[in-house]
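Trainee: next come a sequence and a model predicted from it.
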Amino acid sequence: MHFLCGLLIGAALLGGPRGNADTIVVNDATPLIRAEYQSLARKLAVRPAFIPTTGNRLEVLRSGQAYSEHLYSDFRSAQELIELELFLLGRDPDGRQACNILFKKIKEGVEVRYIHDNFGNFFDSIFDGRPVFTGFYDSLSIGGFKVRNISPLWEIDPAWANPNWRNHRKINIIDKKVAYTGGMNITVGSISGWGDTMLRITGSAVQSLRGILLLNWNDLAHSKADRDEQAIVVAGPALCSDGPIVQAVADGPDQPAFMMEETMVWVLDNAREYVWLETPYFLPSRPLFKAMKRASERGVDVRLLVPLVSDMTSFDPAYRSSLKDCLDIGVHVYYRNPPFNHSKTFLCDDYILNVGSSNYDRLSLESLYEVNVLVYDEAAALDHKAYLLDAMKDASEADYSTVASWDSKERFQQFLLGFISPFL
């Protein structure tokens, strides 16, 4: 059966238009998704790159060590092209290690492209107490990186009019064959510090993620000649499933709607048994909170797993401010003990697993450039369910006694931080 599926998928890929080397032919796997979730897949498929595909292989990486081992191995194996779209590429030891590998690949003739978020990297260094003007990012271009900057600090840019327009996406693509996406940057925090979740993907979904990466790469091009056009052609419905069905979806100012917020609202409104959410920062938008309330009132088991202490401790009172509201609507809140975990996932009814860059707060859901991957697959869902259950065993479930323990200082900090919470 798998052999037959391979033949059918291969025929579709080879049978498409041959006039343009960048034309990608895919089959729409929506009909292979369970019937009750097909409307979600159709709702999200606003671009050809967002079409669900089959013929994929996934590895779920839940530590920086696993991520870096796989990623650096793929970097070293690259033959032609490495593409990076990252919120943070650190000037710390882990960031430098990755860059040194990439500098070596450039000398071997591999092209390295990097979409750099000036705003994020600049202020992350300030908050973490690192020197800012060290020439580290200039050295990337000098060393051969092809760098395109989002929100340049030296220009009048919409990021200054609206500092929420930051590029929070994390996508790494090697030779158009292997893709990584999820919550991890290339920094000491992500690689050597805390827990997080990343997907390593091979198969049709790599082209979907590359289509998303090219949105910003081409938008930042200075001329038409600097663009890298990619046409994804949907040949028709997929005839059989070969591996997990994957749907990559971008979010942000370049999309027609708040894609992740609408995804989560749909899932909560249509869940039958449970929706479990994992996020490092929780400041829900009104639509998300209302959907959580509706789901809980229907008897859906809604759980939220968040860190007890975040990497931005000054803002922790803001992240605790919605606890009582969650308890009031019947959401089970689990506080994860250190070390900090940066994962952004949700799981629904042993079938849908989402891994992405979106935090479940207003900033990510309604402002930032983000990318998320929905996996429609029972085996992947059950594997992640076992992981979340283990994490909850080691966490502390909050209750009203947690709220009662807050002193006046905590409550005052929550009040003050409420004014800036849309920017956190």
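Mentor: Sure, I can see it.

Trainee: mind checking what helix or strand follows the helix or strand bottoming out on mean pLDDT in the chain in sequence?
Mentor: Least confident helix or strand, the chain: helix 2-14 with a mean of 40, by mean pLDDT, DSSP states H and E. For helix 2-14, the following helix or strand on the C-terminal side (DSSP states H and E) is strand 23-28.

Trainee: mind listing what that following strand pairs with, with the direction of each?
Mentor: Its sheet considered, strand 23-28 pairs with strand 231-237 (parallel) by DSSP bridges.

Trainee: got the buried residues for the strand it pairs with?
Mentor: Neighbour counts over strand 231-237 (16 or more other CB atoms under 10 Å) mark 232, 234 as buried. In this view, the C-beta of every residue, glycine as well, is placed from N, C-alpha and C.

Trainee: just the mean pLDDT for that strand, thanks.
Mentor: In this model, strand 231-237 has a mean pLDDT of 91.

Trainee: give me the distance from that strand to the chain's centre.
Mentor: Centre-to-centre, strand 231-237 and its host chain are 24 Å apart (CA atoms, centre = their mean, to the nearest Å).

Trainee: same question, stretch 82-93
Mentor: Counting by CA atoms, centre = their mean, stretch 82-93 comes out at 15 Å from the chain centroid.

Trainee: please enumerate the helices of the stretch 201-350 of the chain.
Mentor: 205-219, 259-270, 286-297, 316-320, 323-328 (DSSP state H, counting those that start in this stretch).

Trainee: can you lay out those helices as a markdown table showing mean pLDDT, distance to I82 and mean neighbour count?
Mentor: Below are the helices of the stretch 201-350 of the chain laid out as a markdown table (pLDDT from 0 to 100; distance: least, CB to CB, whole Å; neighbours: other CB atoms under 10 Å):
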| stretch | mean pLDDT | distance to I82 | mean neighbour count |
| --- | --- | --- | --- |
| helix 205-219 | 96 | 11 | 23 |
| helix 259-270 | 98 | 27 | 21 |
| helix 286-297 | 98 | 35 | 18 |
| helix 316-320 | 93 | 35 | 22 |
| helix 323-328 | 97 | 42 | 16 |
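
Trainee: make a markdown table out of those helices and add distance to F423.
Mentor: Shown next, in a markdown table, are these (distance: least, CB to CB, whole Å):
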| stretch | distance to F423 |
| --- | --- |
| helix 205-219 | 22 |
| helix 259-270 | 17 |
| helix 286-297 | 17 |
| helix 316-320 | 10 |
| helix 323-328 | 20 |
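
Trainee: tell me the contacts of S204?
Mentor: By CB atoms under 8 Å, 6 or more residues apart in numbering, the residues touching S204 are 9, 26, 53-56, 246.

Trainee: now it: how far from E410?
Mentor: 49 Å (CB to CB, to the nearest Å).

Trainee: so which of the contacts of S204 is the closest to R227?
Mentor: V26 (21.2 Å; CB to CB).

Trainee: show me the beta-bridge partners of the closest one.
Mentor: Beta-bridge pairing of V26 under DSSP bridges involves V234.

Trainee: per-residue pLDDT, it?
Mentor: Model confidence at V26, expressed as pLDDT, equals 91.

Trainee: how many other residues sit next to it?
Mentor: Using other CB atoms under 10 Å, V26 is surrounded by 26 other residues.

Trainee: please apply the same query to the one 3 residues further on.
Mentor: Residue crowding around A29 was assessed by other CB under 10 Å; the count is 27.

Trainee: show the contacting residues for it.
Mentor: Taking CB under 8 Å, 6+ apart, one finds 51-54, 237-238, 241, 245 in contact with A29.

Trainee: let's see 10 Å
Mentor: By CB atoms under 10 Å, 6 or more residues apart in numbering, the residues touching A29 are 41, 51-56, 204-205, 237-242, 244-247, 376.

Trainee: which of those count as buried?
Mentor: Neighbour counting by 16+ other CB under 10 Å classes 41, 51-56, 204-205, 238-242, 244-247, 376 among the contacts of A29 as buried.

Trainee: adding distance to S367, write the contacts of S204 out as a markdown table.
Mentor: Formatted as a markdown table, the contacts of S204 follow (distance: CB to CB, whole Å):
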| residue | distance to S367 |
| --- | --- |
| I9 | 37 |
| V26 | 30 |
| T53 | 28 |
| T54 | 33 |
| G55 | 34 |
| N56 | 30 |
| V246 | 26 |
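
Trainee: closest one of these to F289?
Mentor: Among those, and counting by CB to CB, the member closest to F289 is V246, at 28.4 Å.

Trainee: nearest residue to the closest one other than its sequence neighbours?
Mentor: Once flanking residues are discounted, V246 sits nearest to A205: 4.0 Å by CB to CB, 6 or more residues apart in numbering.

Trainee: just checking, that neighbour touches L58?
Mentor: Yes: look at A205 against L58 with CB atoms under 10 Å: they come within range, at 8.6 Å.

Trainee: give me the common contacts of the two.
Mentor: Shared contacts of A205 and L58, counting by CB under 10 Å, 6+ apart, come down to 199, 243-244, 246, 373, 375.

Trainee: got these as CSV, with distance to M312 and pLDDT columns?
Mentor: What follows is those, written out as CSV (distance: CB to CB, whole Å; pLDDT from 0 to 100):
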residue, distance to M312, pLDDT
L199, 25, 98
G243, 38, 90
P244, 34, 96
V246, 31, 98
V373, 25, 98
V375, 29, 98
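
Trainee: circling back to that earlier point, among the contacts of A29, name the ones in strands.
Mentor: 56, 237, 245-247, 376 (DSSP state E).

Trainee: need those residues in JSON lines with distance to L81, can you?
Mentor: As requested, these are exported to JSON lines (distance: CB to CB, whole Å):
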{"residue": "N56", "distance to L81": "20"}
{"residue": "P237", "distance to L81": "31"}
{"residue": "I245", "distance to L81": "27"}
{"residue": "V246", "distance to L81": "21"}
{"residue": "Q247", "distance to L81": "24"}
{"residue": "Y376", "distance to L81": "29"}
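
Trainee: D92: which of the residues you listed is nearest?
Mentor: V246 (31.7 Å).

Trainee: give the contact list for that closest one.
Mentor: V246 touches 29, 52-58, 199, 201, 203-206, 208-209, 373-377, 380, counting by CB under 10 Å, 6+ apart.

Trainee: try 8 Å this time
Mentor: Residues in contact with V246 (CB under 8 Å, 6+ apart) are 52-54, 56, 58, 201, 203-205, 208, 373-376.

Trainee: between the residues you listed, which is closest to L327?
Mentor: Set against L327, the nearest of the contacts of V246 by CB to CB is L374 (28.6 Å).
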